[in-house]
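Enquirer: Predicted model and sequence follow; I will ask about them next.
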Amino acid sequence: MKLQLRGAPILRKKSKRVSKINDEVRQFCLDLGLFMRSEGGIGISAPQGGYSKRIIVVDKFGKDWVLINPEIVWDDGKSTEFKEGCLSIPGFYAEVCRPDKIKVKYRDTNGKPHIDEVDGIFSRVVQHEIDHLNGVLFTDYLTTVGTAVTI
């Protein structure tokens, strides 16, 4: 796996849904989690690892939280400004406003469906990584370099 940096075409494409969760997908999810940790991240999307799949991994209390085909189905309408960075844009950080609390629908590595309510840093990371699956970088929300905007 190779980290895709800003300018890589895959980072601007909408990722493909995972149609079948099998051993190959489960192994990819394990590898993606290991890759995230080796790069020093707290979240990563499959496109950042060079694969156009709708998979993200979040470091949740030291364990990999894998979300396959994730989608945000609700947010609380309240946004908070927070400094974000991205493995694919090393060394750049900026304030971005995102909803504090969301509900995310996804499947786990066994194919079981979930809808989880998350807030705080987990809400932010999930939103950031789902953006990657849609070809969006956090810098797209900035009106001028370093200026926060509400999304």
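Expert: Okay, I see it. Numbering: from 1, shown residues only.

Enquirer: Give me the contacts around stretch 36-47.
Expert: Applying Cβ atoms under 8 Å, 6 or more residues apart in numbering, the external contacts of stretch 36-47 come out as 3-4, 10-11, 13, 15, 28, 32-33, 35, 52-59, 64, 87, 121, 125-126, 128-130, 132-133. The C-beta positions use only the backbone N, C-alpha and C, and glycine is treated the same way.

Enquirer: Please name the nearest non-neighbouring residue to the most centrally placed residue in the chain.
Expert: The centre of the chain sits closest to residue 129, judged by Cα atoms, centre = their mean, with a distance of 1.2 Å. Excluding the flanking residues, the one nearest residue 129 by Cβ to Cβ, 6 or more residues apart in numbering is residue 56, at 3.9 Å.

Enquirer: Show the contacting residues for the one you found.
Expert: Neighbouring residues of residue 56 by Cβ under 8 Å, 6+ apart: 43, 44, 45, 46, 66, 67, 70, 126, 129, 130, 132, 133.

Enquirer: Residue 18 too?
Expert: Neighbours of residue 18 in contact, by Cβ under 8 Å, 6+ apart: 25, 53, 54, 55, 68, 69, 107.

Enquirer: and those residues, which two are the farthest apart?
Expert: Farthest apart among the contacts of residue 18 by Cβ to Cβ are 53 and 107. That separation is 12.4 Å.

Enquirer: Residue 37 in helix, strand or coil?
Expert: helix (DSSP: H, G, I helix; E, B strand; the rest coil).

Enquirer: Tell me, how many residues neighbour it?
Expert: Residue 37 is flanked by 15 other residues according to other Cβ atoms under 10 Å.

Enquirer: Okay, and the beta partners of residue 57?
Expert: Residues in a beta bridge with residue 57, per DSSP bridges, are residue 44, residue 66.

Enquirer: ok, it to residue 37 distance?
Expert: According to Cβ to Cβ, to the nearest Å, residue 57 and residue 37 sit 9 Å apart.

Enquirer: Now the common contact residues for those two.
Expert: Between them, residue 57 and residue 37 share no contacting residue under Cβ under 8 Å, 6+ apart.
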